[in-house]
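Asks: model this:
(4 chains)
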Number of protein chains: 2
Amino acid sequence: MKYIDKLRNSGLRPTKQRLQICEVLFNTERTFHFTINELEQKIKDKIDNKISLATIYNTVHAFEKKGYLKQIPVNSNQTYFDTNITDHHHFYNLKDGKLIDLEKSDVGPINIKRKIDGKKIKSIEVLVKLED
Amino acid sequence: MKYIDKLRNSGLRPTKQRLQICEVLFNTERTFHFTINELEQKIKDKIDNKISLATIYNTVHAFEKKGYLKQIPVNSNQTYFDTNITDHHHFYNLKDGKLIDLEKSDVGPINIKRKIDGKKIKSIEVLVKLED
DNA sequence: CAGCTATTTAGAACCATTATAAACTGCAGA
DNA sequence: TCTGCAGTTTATAATGGTTCTAAATAGCTG
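Replies: Have a look, this model is predicted:
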């Protein structure tokens, strides 16, 4: 019931699958990073019924388009998503492929001096790669 | 002959294929961004013989490991590489998927205030997404 | 030149993601 | 409550970038 309005207000029908995925993604103490496969596993663990992989892909993309999830730009064979949609950046641990949030206040202001005619900046994302 | 020493000094045998790929990648006025498919096409256009796709993958990865190429962290189904290995950042035009270099001097210093125990920073990469 | 190892190659395999098309479901209007 | 339609879900197939394989080839050292 918690997420019905959120979905309806976005023009997404509050189906059973979407509501269950909302529970897994948003009914948590902390935000987190995930790949589709990791999310699929989390869903399997938390709910009794089965949600098709295609539905998980569809839902994640729908939520991303509505701004409830963000993709994280990392070079990996899988796509990483973030339930933290605030303006922030990431450490990327090269050793194990794990991401760590860097709050905006951890990075300091970023001043882009160059402009491209007719274009505006949609987002600025910083990836800090870590090694041992 | 221009690239033989470069390869040998890196522990890479200067094979015909690697030398030809060097010509395409490095014997240019400007640096550029590319995907493997784009590079394959460029190679086809510039040389008469055929280089196997597997060799192109192998070579690009070998060059990346040696620091002659950099991967660019962008969410795309293909991996983007850059022949510009200086410390710099990128605009990413969401409309057409094209990248534009942002020199380090175009961005200003980036101050990462947070530290992770036992890890050091290998690189800091900024991706500035552009929309209309 | 001989022999060893690195490299190249074509093709198969892999695997994340997307497309398909049929079944199902939420919901607005009767 | 019932009906019907558009939006969703689903299993499965298809796609496509990348990696693997194992046999052939080519540098290189002695």
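
Asks: Can you tell me which residues in chain A are near DNA strand D?
Replies: With CB under 7 Å from any atom of the strand as the criterion, chain A meets DNA strand D at residues A:11-13, A:15-18, A:49-55, A:58-59, A:77. In short, each C-beta sits where N, CA and C put it, glycine included.

Asks: Not counting residues beside it along the chain, what's closest to residue A:57?
Replies: residue A:36 (6.3 Å; CB to CB, 6 or more residues apart in numbering or on different chains).

Asks: what about that neighbour, how many neighbours?
Replies: Residues within reach of residue A:36, counting by other CB atoms under 10 Å in any protein chain shown, total 16.

Asks: That one and residue A:58 touch, don't they?
Replies: No - Residue A:36 is beyond contact range of residue A:58, at 10.9 Å (criterion: CB atoms under 8 Å).

Asks: Relative to residue A:131, how far out is the residue of chain A found nearest DNA strand C?
Replies: Residue nearest to DNA strand C within chain A (CB to the nearest atom of the strand): residue A:79, separated by 3.2 Å. Using CB to CB, to the nearest Å, residue A:79 is found at 23 Å from residue A:131.

Asks: Which one's more surrounded, these two?
Replies: Taking other CB under 10 Å, residue A:79 and residue A:131 do not tie; residue A:79 has more neighbours (18 against 11).

Asks: residue contacts, the more buried one?
Replies: A:35, A:36, A:71, B:75 (CB atoms under 8 Å, 6 or more residues apart in numbering or on different chains).

Asks: Next up, phi/psi of it, please.
Replies: phi -90, psi 130 (degrees, to the nearest 10).

Asks: how far away is it from residue A:93?
Replies: 18 Å.

Asks: picking that back up, how much space separates the residue nearest to residue A:57 from residue A:17?
Replies: 15 Å.

Asks: what do you get for residue A:132?
Replies: 41 Å.

Asks: Looking at these two, which has the bigger crowd around it?
Replies: Taking neighbours as other CB under 10 Å, residue A:132 and residue A:17 compare with residue A:17 leading, 18 against 9.

Asks: and the more buried one, that's in a helix?
Replies: Yes - Residue A:17: assigned to a helix according to DSSP: H, G, I helix; E, B strand; the rest coil.

Asks: Could I get the contacting residues of it?
Replies: A:51, A:55, A:59.

Asks: where does the last one land on pLDDT?
Replies: If you check residue A:59, the pLDDT there is 98.

Asks: helix or strand right after the longest helix out of those in chain A?
Replies: In chain A, taking DSSP state H as the definition, the longest helix is helix A:53-65. Downstream of helix A:53-65, the next assigned helix or strand under DSSP states H and E is strand A:70-72.

Asks: rewinding a little: filter the residues of chain A next to DNA strand D to the buried ones?
Replies: Buried by 16 or more other CB atoms under 10 Å in any protein chain shown: A:12, A:17, A:18, A:51, A:59, out of the residues of chain A next to DNA strand D.

Asks: if I read this right, the first one contacts residue A:62, doesn't it?
Replies: Yes - taking contacts as CB under 8 Å, residue A:12 lies within contact range of residue A:62: 6.0 Å.

Asks: between these two, what contacts are shared?
Replies: With CB under 8 Å, 6+ apart as the test, residue A:12 and residue A:62 both reach residue A:18.
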